[in-house]
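In: 3D, please:
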Amino acid sequence: MKFSHIAIIALLGTQLLAQEPTSGELYNSAQKAYAQNDFATAYPLFEKLSDQTPENTEINFLFGRCALELRQYDTAVAAFDRVLILNPKHTRTHLELARLYYERQELELAQIELDLVLNDQLPNDVRDSATTFKRKIDESMSRHHFSGALIVGGGYDSNVNNDIGAKQFTLPALDIPISGNDKKGDGYGFSTFVLNHSYDFGDRGGWSLENSFVAYDKLYSQSSKNNLVLFSLSSAPTWSEDKTTVALPVTFDRVYIDGKGYLANVGAGIKSSYLLDPLSQIEGGYSFKRGYYHDETYDVNAHLLFINYRRIIGENLFALGLHTSYGINKEVEEVRTDVQNKEWKYGFDLSKEFTKDFRSSFGYTRTSTNYDDVDAIFLTKRQDDKDQYELSFGYTLQKNLSLGASVMYSNNHSNHDPYDYDKINALASIMWTF
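Out: Presented below is the predicted three-dimensional model:
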C-alpha cells in the first residue's frame with residue numbers, strides 16, 4: 001500500500017522542482033547518485049552541499065528527499081523546513097512532507113500539507129494525483145479497513161497421487177516384492193478468495209486487530225478423490241512502533257478432501273518483524289496447532305519455529321528472501337508410526353520487477369523430515385528429503401487486475417520406497433484485488 005503512494009509522490013511533477021544552477025564536482029557526483037536512486041551515496045554528498053550553501057532551495061530539497069528515502073525522517077523534516085523558509089510556496093516540498101507524514105502515520109499533518117498544495121495553481125495531472133493521495137489518506141484515517149483478492153485459474157499435475165511409477169520394491173517385514181503404481185497426470189481448476197479486515201484502536205504506534213478469511217478450492221478433472229476445499233480464519237492483535245511489529249495470531253483451519261471432512265486445526269502463536277534498514281527486514285515467530293483429523297489416529301500437536309530475511313539488493317532492485325523453519329509434530333495417540341516427526345525447511349527466493357507491469361521470481365526449498373518411530377513394515381525409521389523448485393511470472397493488466405503463471409518441480413527422496421516420487425505442477429491464474 002505504502003509503495004503506491006511513494007510512486008504517486010515521485011511522479012507528481014518534476015516540473016514543480018525549481019532548478020537553481022549549481023556547479024562543482026561534489027554536486028555532479030550527488031546528482032548522478034540521486035538520478036540512479038542511489039540515495040545512500042547521494043545523502044552525505046548533499047549533506048555537505050547543504051552545509052556549504054544553506055540558502056540553496058534545490059540542495060536542501062534534494063537532501064531532504066534522500067533523507068526521506070532512507071527513512072531519516074527528522075533530518076528530512078529539517079531540510080524541508082529550510083526549503084519552506086526560503087520559499088513557502090515550494091509545492092513539491094509540501095508534497096514530500098505529505099508523504100513523510102503518511103509514512104509516519106501522522107495522517108492529520110499529511111492532510112494539512114495536501115490542502116496547502118491543492119489551494120495552489122497546479123497542472124491537471126499533479127492536481128489529480130494529489131487528490132487521489134488525499135482520498136487515500138482520508139480512507140486510512142478510518143479505523144476500519146477492508147481489502148482482499150479473488151484468484152481463479154487452472155493447472156496440471158503430472159503425478160496427482162504422488163506415485164512412484166511401475167517399479168518394484170520389497171517390504172522387509174514380509175520379504176515380498178511389490179510393484180508401485182503408475183504415475184497419473186490430471187488437470188484441475190482452482191479458486192481463492194481472501195478478505196482482510198483491520199481495526200485500528202488508536203494512535204500511530206499502537207494496537208490494531210488484523211483479521212483474515214481465506215477460502216480455497218481445487219477440483220480435479222478425473223481424480224475427484226483428491227479434490228480439496230479449505231477454509232481458514234485468523235485474528236491477530238498487533239502492536240507496531242516505528243520499525244517493529246508484533247502480532248499474536250489465533251487461527252482456525254478446516255480442510256475437506258473429496259467432499260468429506262478431513263482435518264480441523266486450531267492454533268495460536270507470536271510473530272514479529274523488524275526493519276533493519278530501508279532495504280532489509282527480518283521476521284520470525286512461533287506457532288502451535290492442534291490437528292483434529294477425521295481419522296483420530298492422525299491427531300497431532302504441531303510446534304513451528306520460523307525466521308525469514310528479505311533484502312533489496314543491487315541497482316536493478318532484486319529482492320532476495322531467505323527462509324528457514326523447524327517443526328515438531330507430536331502424536332496424540334501412539335498407534336501409528338507415520339505421525340510423530342521433526343522437520344527442517346530452508347530455502348531462498350529471488351524476485352525482480354523487469355518493468356512496472358512485468359515481474360518474475362525463482363525459489364528453492366529443501367524439506368527434511370525424520371520420523372521418530374520404527375515402521376513395522378519397513379523395519380526402519382522413515383526419512384524424507386524433498387527438493388522443490390518454482391519459477392513464477394506476473395503481469396499487471398490494470399490497477400486491480402493481473403495475470404500469473406508458475407511451474408514447480410518437486411522431488412521427494414525417501415528410504416521407504418512408496419514415498420520416493422517426483423512431479424511437475426504448472427498453473428495459470430488471473431487475480432482481482434480490492
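
In: quickly find the element holding Thr93.
Out: Counting by DSSP states H and E, the element that carries Thr93 is helix 91-103.

In: show me what that helix is packed against.
Out: helix 2-10, helix 57-69, helix 73-86, helix 107-118, helix 124-140 (3 or more Cβ pairs under 8 Å, 6 or more residues apart in numbering; DSSP states H and E). Where you see a C-beta, it was placed from the backbone N, CA and C, and this is true even at glycine.

In: apply 6 Å and report the result again.
Out: helix 2-10, helix 73-86, helix 107-118 (3 or more Cβ pairs under 6 Å, 6 or more residues apart in numbering; DSSP states H and E).

In: lowest-scoring secondary structure element of this structure by mean pLDDT?
Out: helix 2-10 (a mean of 48; mean pLDDT, DSSP states H and E).

In: what is the mean pLDDT for whichever helix or strand comes after it?
Out: The helix or strand immediately downstream of helix 2-10 is helix 25-35, counting by DSSP H and E. Mean pLDDT, computed over helix 25-35, is 91.

In: quick one: buried residues of helix 25-35?
Out: Tyr27, Ala30, Gln31, Ala33, Tyr34 (16 or more other Cβ atoms under 10 Å).

In: ok now that helix, how far from the chain's centre?
Out: 34 Å (Cα atoms, centre = their mean, to the nearest Å).

In: got the contact list for the following helix or strand past that helix?
Out: Sequence-wise, the next helix or strand downstream of helix 25-35 (DSSP H and E) is helix 39-52. Here helix 39-52 makes contact (Cβ atoms under 6 Å, 6 or more residues apart in numbering) with Leu26, Ser29, Ala30, Ala33, Tyr34, Ile59, Asn60, Leu62, Phe63, Cys66, Glu69, Leu70.

In: on that earlier part again, what is the orientation angle of the helix holding Thr93 with helix 57-69?
Out: Relative orientation of helix 91-103 versus helix 57-69 (axes from the mean of the first three to the mean of the last three Cα atoms, to 10 degrees): 20 degrees.

In: export the helix or strand that contains Lys342 as PDB, just CAs?
Out: Following DSSP H and E, one finds Lys342 within strand 341-353. In PDB, the C-alpha atoms belonging to strand 341-353 read as follows (Å, rounded to 0.1, in the frame of the first residue of the first chain):
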ATOM      1  CA  ASN A 341       8.300 -36.400  13.300                       C
ATOM      2  CA  LYS A 342      10.700 -33.500  13.200                       C
ATOM      3  CA  GLU A 343      11.000 -31.300  10.100                       C
ATOM      4  CA  TRP A 344      13.600 -28.700   8.800                       C
ATOM      5  CA  LYS A 345      12.800 -26.400   6.000                       C
ATOM      6  CA  TYR A 346      15.200 -23.900   4.400                       C
ATOM      7  CA  GLY A 347      15.400 -22.100   1.100                       C
ATOM      8  CA  PHE A 348      15.500 -18.900  -0.800                       C
ATOM      9  CA  ASP A 349      13.600 -16.800  -3.400                       C
ATOM     10  CA  LEU A 350      14.900 -14.200  -5.800                       C
ATOM     11  CA  SER A 351      12.400 -11.800  -7.500                       C
ATOM     12  CA  LYS A 352      12.700  -8.800  -9.800                       C
ATOM     13  CA  GLU A 353      10.400  -6.300 -11.500                       C
END
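
In: that one - what's its average pLDDT?
Out: 97.

In: strand partners of that strand, parallel vs antiparallel please.
Out: strand 318-331 (antiparallel), strand 358-374 (antiparallel) (DSSP bridges).

In: of those, which is nearest Ser129?
Out: Closest to Ser129 of the strands paired with strand 341-353, according to Cβ to Cβ: strand 358-374, at 23.3 Å.

In: which parts of that closest one are buried?
Out: Arg359, Ser360, Ser361, Gly363, Thr365, Thr367, Thr369, Tyr371.
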